[in-house]
Structure formats: C-alpha cells, structure tokens
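Chemist: With the sequence up front, the predicted model follows.
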Amino acid sequence: MDARPLLRSAEIPAKGGGWIAVDRGECVRIIDVEGAQIADTFAVARGDLSEHLSARHTRAAARRIFPKLGEAFFSDRMRPMLTFVADTSPGAHDMLWMSCNRQLYRQLGASDDHANCQDNFLAAAADAGWRPERTPDPVNFFQNTCVREDGRLVTERALSRPGDYVALRAELDVILVVTACAFDLAPINGDRCTGLRLEVDAGSVDPRPS
Ligand SMILES: [Zn+2]
C-alpha cells in the first residue's frame, strides 16, 4: 500500500473533526499520528446523502459486535460501503458507542462547552455539504471497548501506537467524516487527546461489483 501515490490527505486536529472524499475503489487510511487516539468515523454515499454508514446495520450484517479485518462496514440500507483492508494496530476497535456529546459531558460534570465529537461531526459534515437530521452511530477506530462477563461495557486506554493506521476500501463514492475524540475525563485517548491524519490512495484491489 505504501508504494502507491497519495491522492489526497487531511489533518484532523486534536478534539476536532474533518472530512475527505473517497472514490469507489480507492483506499483511505486513518492514521493515529501520536498513538492512543480514538477516531469516530462516519461515511455518507455521495450519490445519495440519505444513505450513511451504520454501526448497527454492520453489527447485524456481520453478526459481530466489533469490526473484523476483511469484512465490510454497511450502510443503513444494508449495502457494503467500506471494506476493512488493513490494520497495523493491536486491533481493538469499537462499534457499540455513540459519539461523545454535550449531554454526556453535562452528565459527567464537565462544562457545557466541552469539545465533543457530535458537534465536531455535525460541523465537519456540514462543511462537506452533508446535513443529516440525526448523528449516525459511528465506527470508533482504536477505541478499546471491553465487554465484561456480566455484560458491563468498559472503555480502556486505546492500544494503538504512534503511526498505527487502519485502511478502508470504498465500495461506493463516499465522504468520510472523522473526529479525533475529545474525551479527556478518563485516559481512553491516552494521557491527552491528539490529532489524526487521513490519506487516500488509488487502492489495489477491485471493488465489489455494484
Ligand atoms: Zn468523542
């Protein structure tokens, strides 16, 4: 993958969001530049902005609660949107949690103006021309969610190291929106929140037939 020329890139600032266009067949890398940083990831079909990546549809389609290398992420119309083609991290990723949001921080006693992934998502999506009525359930790359035997959900410190990345092949023309999670009330993003980088290359594997 590294030998292929870079087509486009975008920087996601710490506690911020951003977006990048990915054409069908291209690959996008989400790079955890400094390590231990969660990447809330959203996608919308450029051909129809009412079709978006859905963690719950992916869980049902894959019969899994966490992402698996080689499998697809599905839209809310049960179509494969992105395929998980590479992962250099230890492999902990989440598709159970919603994005952090104003109400969550209020419940946890933080100030009302605490940076949050939902507002950052909505701002970045709007910048890309996507204005969803509701915030979709994201896929949270590098989020280290653990399910305890008694059913409790616990998020531990992210395991990803500096420079670790996941790569996704687009099965449709999409806009990918990513937020660098702003949660700093527990060390789930390591000792401090940091930024992410998005890189798109031409990909090497034919996309699925449409
Ligand atoms: Zn967040």
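Modeler: Received the coordinates, thanks.
Chemist: pLDDT of stretch 20-35, averaged?
Modeler: Averaged over stretch 20-35, pLDDT sits at 98.
Chemist: Can we start the residue count at 53 from this point?
Modeler: Happy to do that; since the first residue is 53 now, the last one works out to stretch 72-87.
Chemist: can you give me how far that stretch is from the chain middle?
Modeler: How far stretch 72-87 lies from its chain's middle: 10 Å, per C-alpha atoms, centre = their mean, to the nearest Å.
Chemist: Output that stretch as PDB, nothing but the C-alphas.
Modeler: The C-alpha coordinates for stretch 72-87 follow below in PDB (Å, rounded to 0.1, in the frame of the first residue of the first chain):
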ATOM      1  CA  ILE A  72     -12.200  13.600   2.900                       C
ATOM      2  CA  ALA A  73     -13.800  12.400  -0.300                       C
ATOM      3  CA  VAL A  74     -13.000   8.700  -1.300                       C
ATOM      4  CA  ASP A  75     -14.000   7.400  -4.700                       C
ATOM      5  CA  ARG A  76     -15.100   3.800  -5.200                       C
ATOM      6  CA  GLY A  77     -12.100   1.500  -5.300                       C
ATOM      7  CA  GLU A  78      -9.800   4.000  -3.500                       C
ATOM      8  CA  CYS A  79      -8.400   3.300  -0.100                       C
ATOM      9  CA  VAL A  80      -8.400   5.700   2.900                       C
ATOM     10  CA  ARG A  81      -6.000   5.300   5.800                       C
ATOM     11  CA  ILE A  82      -6.900   6.700   9.200                       C
ATOM     12  CA  ILE A  83      -3.600   7.300  10.900                       C
ATOM     13  CA  ASP A  84      -3.200   7.600  14.700                       C
ATOM     14  CA  VAL A  85      -0.300  10.000  14.500                       C
ATOM     15  CA  GLU A  86       0.700  10.100  18.100                       C
ATOM     16  CA  GLY A  87      -1.000   6.900  19.400                       C
END
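Chemist: buried sites along it?
Modeler: 72-87 (16 or more other C-beta atoms under 10 Å). Every C-beta, even on glycine, is put in place using the N, C-alpha and C of the backbone.
Chemist: so where is the protein shaky, pLDDT-wise?
Modeler: Confidence mapping of the chain against pLDDT under 70 gives the ranges 53-55, 257-262.
Chemist: and with 80 instead?
Modeler: Scanning the chain with the threshold set as pLDDT under 80 gives 53-55, 256-262.
Chemist: Run through the strands of it in chain order.
Modeler: Counting by DSSP state E, the chain has these strands, from start to end: 58-64, 69-74, 79-84, 91-97, 124-126, 132-139, 191-193, 196-199, 205-208, 216-222, 226-232, 248-253.
Chemist: Residue 78 reaches residue 222, doesn't it?
Modeler: Yes: judged on C-beta atoms under 8 Å, residue 78 makes contact with residue 222 at a distance of 5.5 Å.
Chemist: and the residue most central in space within the chain, bridged to which residues?
Modeler: Ranked by distance to the mean C-alpha position of the chain (C-alpha atoms, centre = their mean), the top residue is residue 93 at 2.0 Å. Note on residue 93: beta-bridge partners by DSSP bridges are residue 191, residue 230.
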